[in-house]
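Participant: with the input below, show me the fold.
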Amino acid sequence: MVSNDLGNGAKNKLGIDLKVKTPKQVFGSLSEFAERWFPERQLYFRSNGEVHFLALSTRIQISLVLVFLAALTWVTVTSANFLMRDALLAGKEAKIQDMTASYGSLENEMSVLRADILTRAQELEERQRYLHQLIDQDPELSPAQLLPEMDDQAVEEGEMLQKESSLRIAPRPLFAGLISTAKAATLPGLMPSESTDQLRRRLALLNASQVDFAGRFRDLTRRRMERINEQIAPTKLKIDDLLALWSGNLQGVGGPFIPADGAQPSLALEADDPFLLLHEDWEKLQASYAALQSFPAGIPADDYYLSSRYGSRIDPFTKKRAKHYALDLAGWPGTPIRAGASGKVVKAGKWGAYGTMIEIDHGNGFRTRYGHMRKLTVKRGETVTTGQQIGEMGSTGRASSTHLHYEVWFAGKTRDPLPFIKVSDNVLKIQRRTKASH
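Facilitator: Now for the predicted structure:
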């Protein structure tokens with residue numbers, strides 16, 4: 001059994017004394033410790049010649065020490081918290097600086113991207129405006145001629161967008177607000193959340209649509225020039241012959257977009273750029289139409305029959321073979337004679353073997369002469385139009401009977417007038433359409 005005499009201690013099974021102190025003993029030990037380390041002290045001080053002292057008891061000293069330790073603890077904890085907070089704030093500030101730098105870099109990248117998108121949008125809009133100018137100023141052009149082949153199976157977004165753009169010649173409403181929509185990083189019909197990558201893809205598709213349209217437009221332009229060459233082929237003239245002497249000016253319609261500051265456009269203009277090629281061919285076609293205004297396609301007499309052709313013939317007076325560089329159109333005296341094309345009367349009156357004659361300068365290397373007339377209705381220096389009456393058929397000069405001696409000159413040389421009469425219908429149609437468009 002274990003002894004209950006706790007005050008005297010007890011031994012455990014190993015023989016070690018286990019001394020358990022009572023509360024009174026513990027309190028006594030603490031009192032001894034306090035009195036040993038904090039004995040009562042007296043503080044002496046002199047005042048007005050008298051000595052005074054202040055007694056500091058053990059309890060007061062312990063209280064002062066506890067207050068001091070509490071203050072020291074508070075200062076330590078506060079300082080530690082302050083240092084930790086300062087370190088935390090420094091870390092947050094560094095993180096904010098890093099985030100700010102990253103944001104600035106991202107913002108710069110976005111600014112460059114937006115500038116690139118805006119530039120592309122401007123170029124596409126300028127291209128589109130140019131294409132519509134060509135279409136609007138070309139009375140002979142039918143938009144249906146420029147439609148691509150439609151595939152009913154083409155349901156992919158890119159294919160549909162490209163075909164839709166081509167079908168409507170890159171529709172005007174889509175481009176009307178292209179710059180503002182590029183600034184907002186959206187296009188009509190797209191969700192506001194659409195990414196810039198998607199926007200650039202749409203712009204790329206529109207660019208491809210324009211390039212495709214320009215290619216088809218150029219092919220059509222070249223076919224139309226070939227058709228003109230076919231229509232005037234009987235005269236042995238070609239468009240290039242007419243343009244070699246043409247010195248007129250076209251009304252400007254712009255051209256492929258080139259930045260005013262001289263910077264290279266992002267949609268680079270190479271030597272084989274389809275828009276440059278289209279611009280060159282389209283201007284050549286318009287110049288051809290303008291040059292054809294001087295082409296003497298009008299029928300010079302209201303009523304006639306062919307009495308002598310251009311070339312070699314038997315002279316009616318000498319009965320010898322001779323050269324005849326004109327066309328003789330016989331008819332009744334007084335038959336109206338009309339100008340083959342618009343121009344200026346440079347000769348009018350008696351002119352040797354021609355008799356009463358008129359010569360008209362149509363410009364672009366073309367001149368016509370009308371001889372043997374009995375009466376003139378215009379004077380030298382007057383401007384006449386195609387089909388305008390300039391006189392009456394007669395037999396003045398070296399003529400055996402009533403007829404019109406009709407000559408056509410080009411580049412200082414005579415040409416057979418009969419082919420010009422044969423192609424008159426086709427050329428007159430072109431002349432009328434060209435005048436109507438202006």
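Participant: any stretches of the stretch 51-200 of the chain with poor pLDDT?
Facilitator: In the prediction, the stretch 51-200 of the chain carries residues with pLDDT under 70 at positions 103-114, 139-196.
Participant: quick one: the strands in it?
Facilitator: All residues of the stretch 51-200 of the chain lie outside strands when identified by DSSP state E, counting those that start in this stretch.
Participant: which parts of it are helices?
Facilitator: Read by DSSP state H, counting those that start in this stretch, the stretch 51-200 of the chain holds these helices, from start to end of the chain: 58-136, 157-167, 172-176, 178-183, 196-232.
Participant: repeat that for the stretch 251-400 of the chain.
Facilitator: Across the stretch 251-400 of the chain, reading from the start of the chain, the helices by DSSP H, counting those that start in this stretch fall at 274-292.
Participant: the strands in it, which residues?
Facilitator: If DSSP E, counting those that start in this stretch is used as the criterion, the strands of the stretch 251-400 of the chain fall at 305-308, 311-314, 321-324, 327-330, 336-338, 343-350, 356-363, 366-373, 375-376, 383-384, 389-392.
Participant: just the C-alpha atoms of the second one, please, in PDB.
Facilitator: This file holds the C-alpha atoms of strand 311-314, laid out as PDB (Å, rounded to 0.1, in the frame of the first residue of the first chain):
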ATOM      1  CA  GLY A 311      -8.400  50.600-154.100                       C
ATOM      2  CA  SER A 312      -7.500  50.000-157.700                       C
ATOM      3  CA  ARG A 313     -10.100  50.800-160.400                       C
ATOM      4  CA  ILE A 314     -10.500  52.000-164.000                       C
END
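Participant: can you list contacts of stretch 383-395?
Facilitator: Under the criterion Cβ atoms under 8 Å, 6 or more residues apart in numbering, residues 297-298, 301, 304, 331-345, 355-356, 358, 360, 370, 372-378, 401-404, 428, 431 lie in contact with stretch 383-395. Every C-beta, even on glycine, is put in place using the N, C-alpha and C of the backbone.
Participant: now a PyMOL select for only the buried ones of the residues you listed.
Facilitator: Command for PyMOL, covering only those of the contacts of stretch 383-395 found buried under the criterion 16 or more other Cβ atoms under 10 Å:
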select buried, resi 297+298+301+304+331+335+336+337+338+339+340+341+342+343+345+355+356+358+360+370+372+373+374+376+377+378+402+403+404+428+431
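Participant: re the thing from before, same list (the helices of the stretch 51-200 of the chain) but as CSV, adding mean neighbour count.
Facilitator: What follows is the helices of the stretch 51-200 of the chain, written out as CSV (neighbours: other Cβ atoms under 10 Å):
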stretch, mean neighbour count
helix 58-136, 13
helix 157-167, 16
helix 172-176, 15
helix 178-183, 17
helix 196-232, 17
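Participant: make CSV from the ones you listed and add distance to residue 48 to it.
Facilitator: Supplementary listing: the helices of the stretch 51-200 of the chain in CSV, determined by distance: least, Cβ to Cβ, whole Å:
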stretch, distance to residue 48
helix 58-136, 26
helix 157-167, 106
helix 172-176, 104
helix 178-183, 91
helix 196-232, 91
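Participant: who wins for proximity to residue 285 among the ones you listed?
Facilitator: Each of those was scored for nearness to residue 285 using Cβ to Cβ, and the closest is helix 196-232 (5.2 Å).
Participant: which helix or strand lies directly C-terminal to that closest one?
Facilitator: Sequence-wise, the next helix or strand beyond helix 196-232 is helix 239-245, with elements assigned using DSSP states H and E.
Participant: give me the mean pLDDT for that following helix.
Facilitator: The pLDDT scores in helix 239-245 average 92.
Participant: with stretch 404-412 instead?
Facilitator: For stretch 404-412, mean pLDDT is 95.
Participant: local confidence estimate at residue 343?
Facilitator: The pLDDT attached to residue 343 in the predicted structure is 95.
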